[in-house]
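S.K.: mind folding the following:
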Amino acid sequence: MSTTSLENKSRWPVWLCWLAMVLDGFDLVVLGTVIPTLIKTHDLGFDAVGATFAATISLVGVGLGALFIAPLSDRFGRRNLLVACVTWFSIFTIAVVFAPNVAVFSIFRLLAGLGLGACLPAALAYMNDYAPAGSAGKSTTRTMTGYHAGAVATAFLALMVIPDWRIMFVVGGVAGFVLVPFLWFRLPETLPAVVSLPALSPASGTHATKAAEPAVEGRASFRDLGRKPYPLVAAGVAVASFMGLLLVYGLNTWLPQLMSSAGYTLNAGLSLLLVLNVGAVAGLVVAGILADKHGTKKIVLLWFFLSAVFLAALSVKIQNELLLNAAVFVTGVFVFSSQVLVYAWVSQLFPARLRGTALGFAAGVGRLGAILGPAVTGTLVAAGIAYPWGFYVFAGAAVLAVAALVLVPQAVTAAAGKRTAVGPS
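M.R.: Numbers count the residues shown, from 1 in each chain. You can find the predicted model right below:
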């Protein structure tokens, strides 16, 4: 196969994985857009406690999917898993429309999350299989722009259709069903083992080659992450992923309500949710470029630190609308790309045979933070102290992520058949 034909072929995986992340972005913010309406109207029996339960249980499903379903992509193939999971997610997203009460609503969200939870690590593992040498940062962050493009589109749709919240789930489910046949017919299973991709070496600017790794080195499992040199790496990225997703889901689920508690209007809160995710897209583009140029560790540490600074700043009410939007935009730039840089680093630290398992582990443990973030913020909302304490909690989580990642080695390499951890150069 010629290099040109391989590059042309690779355009379908790039776009299809990006679109799979759009669905993940929809799921990221859809509850945040409908919760204020559900609480206000008490539709299906919702109140603050019911909304917190629904947000929490849906994330339990996403976490279980990431932790236990995503690693199957290392055994049975990324394509098959993506097709099955998008189909499953779409079925139960449509089902939400017909929920008669909070309990059934929450069960359908739990089941939808099982499918969607595996999509993100499987899609990122797929894209890193295709990534040219030295471009893992850009490959991961650009794929994840779909995540926040989906969040932006969902927030924008909410501005048009809320308070008719059911339309939100109809659109999400139908979009998934439209994507499934494209995944099935246009997504190749994997690159041929004998093919190498030409790439530009970041250091020299000359062409380098990313050779394909052996397709099978035994079945990957979580036990591999407990063997040297991986335990310290796995622990550090797990803590950072936990804190990163606590921020991502906590903000996207409750930002409109937090701003409402601070005295802003509901429409202002929904608009700020959109602005937050527009900032995320911009941050992803910049973060990927800087990570490949300067090293992922340096950039992810800087990004989490700046996240803490700007989250703390949002605890001060800003009267000027332009300054408020600017502050939320910049917060989005750093908060969401911080979490994605963790995924990019995981893709660099672990070999291809463990990539899906390692990403599933990071995403699965991270989803525990995704559960805790909305649950803690929801508790603060119910207690009437969400503003400003919600932002203090978020800033503290970013600081803890910095502390965890400082301890992670710069890279993990294999030498003379024995893998060793390598510290900062």
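S.K.: report the contact partners of the residue lying closest to residue 110 once chain neighbours are set aside.
M.R.: Distance criterion C-beta to C-beta, 6 or more residues apart in numbering; nearest residue to residue 110, sequence neighbours excluded, is residue 61 at 4.0 Å. (C-beta placed from N, C-alpha, C; glycine too.) Residue 61 makes contact with 109, 110, 111, 112, 113, 114, 116, 117 under the criterion C-beta atoms under 8 Å, 6 or more residues apart in numbering.
S.K.: quick check: which element contains the second one?
M.R.: Assessed by DSSP states H and E, residue 110 sits inside helix 102-130.
S.K.: I'd like the average pLDDT over the following helix or strand past that helix.
M.R.: Next helix or strand after helix 102-130 toward the C-terminus (DSSP H and E): helix 136-161. Average pLDDT, helix 136-161: 80.
S.K.: let me see the mean pLDDT of the helix or strand following helix 136-161.
M.R.: Scanning forward in sequence from helix 136-161 by DSSP H and E, the next helix or strand is helix 166-186. Mean per-residue pLDDT for helix 166-186: 93.
S.K.: can you give me the buried ones in helix 166-186?
M.R.: 168, 169, 171, 172, 173, 175, 176, 179, 180, 183 (16 or more other C-beta atoms under 10 Å).
S.K.: and it with helix 102-130, angle?
M.R.: 30 degrees (axes from the mean of the first three to the mean of the last three C-alpha atoms, to 10 degrees).
S.K.: which strands and helices lie in contact with helix 166-186?
M.R.: Counting contacts by 3 or more C-beta pairs under 8 Å, 6 or more residues apart in numbering; DSSP states H and E, helix 166-186 is packed against helix 11-41, helix 78-96, helix 136-161.
S.K.: residue 252 is nearest to which of those?
M.R.: Closest to residue 252 of the helices and strands packed on helix 166-186, according to C-beta to C-beta: helix 11-41, at 4.6 Å.
S.K.: any weak-confidence spans in the chain?
M.R.: For the chain, the stretches flagged by pLDDT under 70 are 1-10, 130-137, 189-224, 226-227, 264-269, 410-425.
S.K.: is it true that residue 282 touches residue 331?
M.R.: No. Using C-beta atoms under 8 Å, residue 282 is not in contact with residue 331, being 11.8 Å away.
S.K.: between the two, tell me which one has more neighbours.
M.R.: residue 331 (28 against 17; other C-beta atoms under 10 Å).
S.K.: is it true that the more buried one touches residue 309?
M.R.: No. Using C-beta under 8 Å, residue 331 makes no contact with residue 309, being 9.3 Å away.
S.K.: what sits in contact with each of those two?
M.R.: The contact sets of residue 331 and residue 309 do not overlap (C-beta under 8 Å, 6+ apart).
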